[in-house]
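1. below are the sequence and a predicted model for it; my questions follow.
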Amino acid sequence: MQELAKDPVKTALSVVERSGKAIIGSVDEEGFPNLKAMLKPREQDGLRVFYFTTNTSSMRVRQYLNNPKASIYFYDARFFRGVMLKGTMEVLQDPASKERIWQDGDTMYYPLGVTDPDYCVLRFMAQTGRLYENFGSVDFPV
């Protein structure tokens, strides 16, 4: 078995940057985990805060409003590395948050534009992290 990264935070950031998508986790009404693939976060602050777009009417939004506990998983298939971040997900519907991460082409998903009531922002705030690589894993502070 190979050694784990000497700097797991730096390695975790590399995995996030290389990953073309994220898997987000929520908790359903029965207490079971639910996972969903998402496009890459629209914006992020290191490993602490991530912003995604989604439909206000989605099952995931209902779950986060009911229970904000969440996780995000990023992976780099080339090097068989993964990063799991645990924390909370906040549903933002205020105009400033929606404007902040709106991009050209988003009308494909939200035809009424940035003010579409079915468009909202998910803000994930990490509390802990775990890096998986070389058939081992290590926790790290976020």
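-> That came through, no problem.
2. my guess is Ala70 meets Met84, correct?
-> No. Ala70 is not in contact with Met84 according to C-beta atoms under 8 Å; the separation is 11.1 Å. Where you see a C-beta, it was placed from the backbone N, CA and C, and this is true even at glycine.
3. more neighbours: which of these two?
-> For Ala70 versus Met84, neighbours defined as other C-beta atoms under 10 Å are more numerous around Ala70 (23 against 20).
4. quick revisit: spit out the residues that contact Ala70 and Met84 alike.
-> Here Ala70 and Met84 share no contacting residue, scored by C-beta atoms under 8 Å, 6 or more residues apart in numbering.
5. could you list the paired strands of whichever strand in the chain runs longest along with their orientation?
-> Ordering each strand of the chain by length in residues (DSSP state E) puts strand 119-133 first. In the sheet containing strand 119-133, its partner strands are strand 49-55 (antiparallel), strand 81-92 (antiparallel), strand 136-141 (antiparallel), by DSSP bridges.
6. poorly predicted segments of the chain, please.
-> Judged against pLDDT under 70, the low-scoring parts of the chain cover residues 1-4.
7. try it again with 80
-> Scanning the chain for pLDDT under 80 picks out the ranges 1-5.
8. what about Lys10, how many residues close to it?
-> Applying other C-beta under 10 Å, we find 11 residues neighbouring Lys10.
9. name the element it belongs to?
-> Using DSSP states H and E, Lys10 falls within helix 8-18.
10. restricting to C-alpha, output the longest strand of the chain in CSV.
-> In CSV, the C-alpha atoms belonging to strand 119-133 read as follows (Å, rounded to 0.1, in the frame of the first residue of the first chain):
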residue,chain,number,x,y,z
TYR,A,119,-34.3,28.7,-10.0
CYS,A,120,-32.4,28.7,-6.7
VAL,A,121,-28.9,28.5,-5.4
LEU,A,122,-27.5,25.7,-3.1
ARG,A,123,-24.7,26.9,-0.8
PHE,A,124,-22.8,24.0,0.8
MET,A,125,-20.6,24.8,3.9
ALA,A,126,-18.2,22.1,4.8
GLN,A,127,-17.3,21.1,8.3
THR,A,128,-15.1,18.1,7.8
GLY,A,129,-13.3,16.4,4.9
ARG,A,130,-11.9,13.0,4.1
LEU,A,131,-9.5,12.1,1.3
TYR,A,132,-9.5,8.7,-0.3
GLU,A,133,-6.4,7.6,-2.2
